[in-house]
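Q: 3D model of this:
(4 chains)
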2 protein chains.
Amino acid sequence: MPRSVAEKPEKLSRIQTANRALITEAALEVFATEGYRGATIERIAERCGMSKTNLLYYFPNKDEIYRTVLAQTLEGWLDPFIEISPDADPEEALGNYIAEKVALSLDRPEASRLFANEIHRGAPLIHDFLKTELKDLVDEKAAVIRQWIDSGKLAPVDPYHLIFMIWATTQHYADFAVQVEAVMGRAPDTDEITQAITGMILKGARPA
Amino acid sequence: MPRSVAEKPEKLSRIQTANRALITEAALEVFATEGYRGATIERIAERCGMSKTNLLYYFPNKDEIYRTVLAQTLEGWLDPFIEISPDADPEEALGNYIAEKVALSLDRPEASRLFANEIHRGAPLIHDFLKTELKDLVDEKAAVIRQWIDSGKLAPVDPYHLIFMIWATTQHYADFAVQVEAVMGRAPDTDEITQAITGMILKGARPA
DNA sequence: CAAAAACTTGACCATTTGATAAAAAATGAC
DNA sequence: GTCATTTTTTATCAAATGGTCAAGTTTTTG
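A: Okay, here's the model as predicted:
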C-alpha cells in the first residue's frame, strides 16, 4: 500500500493520470491568481472537488505541485519561440510568432500570470533556467534577427529589446486582461490584438 | 491613551508620520514580491525593524496597509499619463511619457509589481477605479491621439492599443527585471530602454 | 518637573494551513 | 467472488498568521 503516488515513479494508473491532471489544472489557476504563498492546498482541492488529504495523496507537498505546474507552463511558453526560423521572411516569422503568443495569451492567461508571478518573486525556482537555457535560446534568436538586419531585411533595432517588446505586449493581454477590458469596455479578440501589435512592431522594425 | 493611530484621523505626530512612512515603504516591497495573501504583517514589521504589535498600532490591520500602499502607487502611476498634452507634438509628448514611465519603472519597480499583482488577482480593490476614473482618463487621451491621427501627425493606429503597448513595454522592464537581466547578462539603463521603446513605437506610429 | 498623552512591548488567542497516520471504501487481477 | 492493491476519508498535529489586551516606557505639554 503506497503512501502516495509520488513515491512510486512507475507508470501511472488511469485514476492517477486523471486526478493529477485535474489537480495541476486547478493549481494553475489558484497559483496564477494568488501567487505561490497565497495559494492554499485546500483551495486547489476545492476547485477540483477533492479533499485536501486526497490531493496530498497525489502530490507529496505544495512545492511539488507548484514545480509541476510551472514546468508544464514553461514548456508551452518556449515552443513557439523555438519555431522562429532564420530562413523565413522576418515579417512573416515575427508575425507568426506574435499571432501564436497572442492566441496563447487569450487561451491560457493563467499560464502567463503564473510565469509572471514566478518572476515577480525573483524567479526563485527558475533563475538558473533563465540564465542558461533561456539565455542561450534568446542569444540564438537574437543572432537570427541580427542576420536579418545585416541583410537589410530589418531596420537596425536591438534584437533583445525587440524580443522583450514582443513578450511584453503579447503577455500584457493575458496578465492585464482585467484592466484591458475595464478600460476598453469590451474584451478585444485575438485578431484585433494581433493586428494591433504586428501593425505597430513590424512597421517599427521595417527597413527604411 | 488612543488604541491606534487609525482611530484618530486628526493630524499625525512626528513619530507617526515617520513610522507610517517606514511601514508603507516596507509593505510596498513585501506586497510586491509576495502578493497580498503571501505577505505577512510580521515580515513587513521585520523589514522596518519594528515589532508586529507595534506596527499594528499604526495600522488597524493588513488590509488597511495594503489599501494605503496601493493608493499611493496609483497616484504616482497616473501623474505622467495625465500630463500628455494635445497641444504638444505627438512624438515629443509620447516620447516624454515613455521616458518618464521607464525612469519610474527602473526607480520604483516594486510599485509596478504591486499594481501588476492587484490586477492578477482580478483587481478586487480597484476594479471600480479601472472602469470609471481610469477608463475616463484613457478615453480622454485616446481622443487626443485620434485627433493627432486626424490631423495627419500620426499613423492611423488604434489609440487604446497604442496606450496598452506603451504600458506593457515600459512596465515590462520593472516587472520582469530579473528575466531581462538574466537573458541579457546585464541590466540595461534608463536611456537604453527608453531609446529602444521610443525608437520602435514612435516609428511604428509615424505617418507614412 | 509632573501629569497626560503617545508609543512600545510581551503574553496571549483563534484560525488557517501544510502535512501525517491509520482506518475505511473502492477498484482491479485472478 | 475473493484477495490484494489502490484510492478516499476521518482524525489529528504543529507551525504560522492576523489580531487583541494590558502593562510598561517614552515623549510631549502645561
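
Q: Every contact and neighbour count from this point should use C-alpha atoms.
A: Fine.

Q: contacting residues around the host helix or strand of A:Val180?
A: Element membership of A:Val180 [criterion: DSSP states H and E] is helix A:177-184. For helix A:177-184, contacts defined as Cα atoms under 8 Å, 6 or more residues apart in numbering or on different chains pick out A:173, A:186-188, B:119, B:122-123, B:127, B:130-131, B:134-135, B:138, B:160, B:164.

Q: Name the surrounding residues that touch the following helix or strand past it.
A: Sequence order places helix A:190-204 as the next helix or strand after helix A:177-184, per DSSP H and E. With Cα under 8 Å, 6+ apart as the test, helix A:190-204 has contacts from A:91, A:94-95, A:98-99, A:102-103, A:106, A:166, A:169-170, B:157-158, B:161-162, B:165, B:199-205.

Q: go again using 6 Å as the cut-off
A: Applying Cα atoms under 6 Å, 6 or more residues apart in numbering or on different chains, the contact partners of helix A:190-204 are A:99, A:103, B:200, B:203-204.

Q: Stretch A:68-84 now?
A: For stretch A:68-84, contacts defined as Cα under 6 Å, 6+ apart pick out A:24, A:93, A:111.

Q: ok, those residues vs DNA strand C, which is closest?
A: A:Thr24 (14.5 Å; Cα to the nearest atom of the strand).

Q: Output the below-cut-off pLDDT ranges for chain A.
A: Scanning chain A for pLDDT under 70 picks out the ranges A:1-11.

Q: Near chain B, which residues of chain A? Just list them.
A: A:33, A:37-38, A:120-121, A:130-131, A:135, A:165, A:168-169, A:172, A:182-183, A:200, A:203-204 (Cα under 6 Å from any Cα of the partner chain).

Q: Give me the next element, helix or strand, following the host helix or strand of A:Ile149.
A: Element membership for A:Ile149 (DSSP H and E) is helix A:135-150. Next helix or strand after helix A:135-150 toward the C-terminus (DSSP H and E): helix A:159-175.

Q: Restrict that next one to CA atoms and write it as CSV.
A: Below are the C-alpha coordinates for helix A:159-175, written out as CSV (Å, rounded to 0.1, in the frame of the first residue of the first chain):
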residue,chain,number,x,y,z
PRO,A,159,17.3,42.3,-31.1
TYR,A,160,17.0,41.8,-27.4
HIS,A,161,14.7,44.7,-26.9
LEU,A,162,12.7,43.7,-29.9
ILE,A,163,12.1,40.3,-28.3
PHE,A,164,11.3,41.9,-25.0
MET,A,165,8.8,44.1,-26.7
ILE,A,166,7.0,41.2,-28.3
TRP,A,167,6.9,39.4,-25.0
ALA,A,168,5.7,42.4,-23.1
THR,A,169,2.9,43.3,-25.4
THR,A,170,1.6,39.8,-26.1
GLN,A,171,1.6,38.9,-22.4
HIS,A,172,0.1,42.1,-21.4
TYR,A,173,-3.2,41.0,-22.9
ALA,A,174,-3.1,37.9,-20.6
ASP,A,175,-1.7,39.4,-17.4
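
Q: Run the angle between it and helix B:159-175 for me.
A: 110 degrees (axes from the mean of the first three to the mean of the last three Cα atoms, to 10 degrees).

Q: And stretch A:107-121, what's buried?
A: By 16 or more other Cα atoms under 10 Å in any protein chain shown, the buried positions in stretch A:107-121 come out as A:109-121.

Q: and if you look at stretch A:61-81?
A: For stretch A:61-81, a neighbour-count test (16+ other Cα under 10 Å) marks A:62, A:65-66, A:69-70, A:73, A:77, A:80-81 as buried.

Q: Then stretch A:170-182?
A: Result for stretch A:170-182 [16+ other Cα under 10 Å]: buried residues A:170-182.

Q: Domain parsing of chain A, as residue ranges.
A: Domain assignment for chain A, taken from automatic domain parsing, gives A:5-60, A:70-204.

Q: ok so, going back, derive a ChimeraX selection command for the buried subset of the residues of chain A next to chain B.
A: Buried subset of the residues of chain A next to chain B, written as a ChimeraX selection, criterion 16+ other Cα under 10 Å:
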select /A:33,38,120,121,130,131,135,165,168,169,172,182,183,200,203,204
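
Q: What is the neighbour count of A:Met53?
A: Wrong residue type there; residue A:53 is Thr, not Met. 12 (other Cα atoms under 10 Å in any protein chain shown).

Q: Can you point out the buried residues in the helix or strand where it lies?
A: Secondary structure assigned from DSSP H and E places A:Thr53 in helix A:52-58. Buried positions in helix A:52-58, judged by neighbour count with 16+ other Cα under 10 Å: A:55-58.

Q: which of these lies closest to DNA strand C?
A: Nearest to DNA strand C out of the buried residues of helix A:52-58 is A:Leu56 (Cα to the nearest atom of the strand; 5.8 Å).
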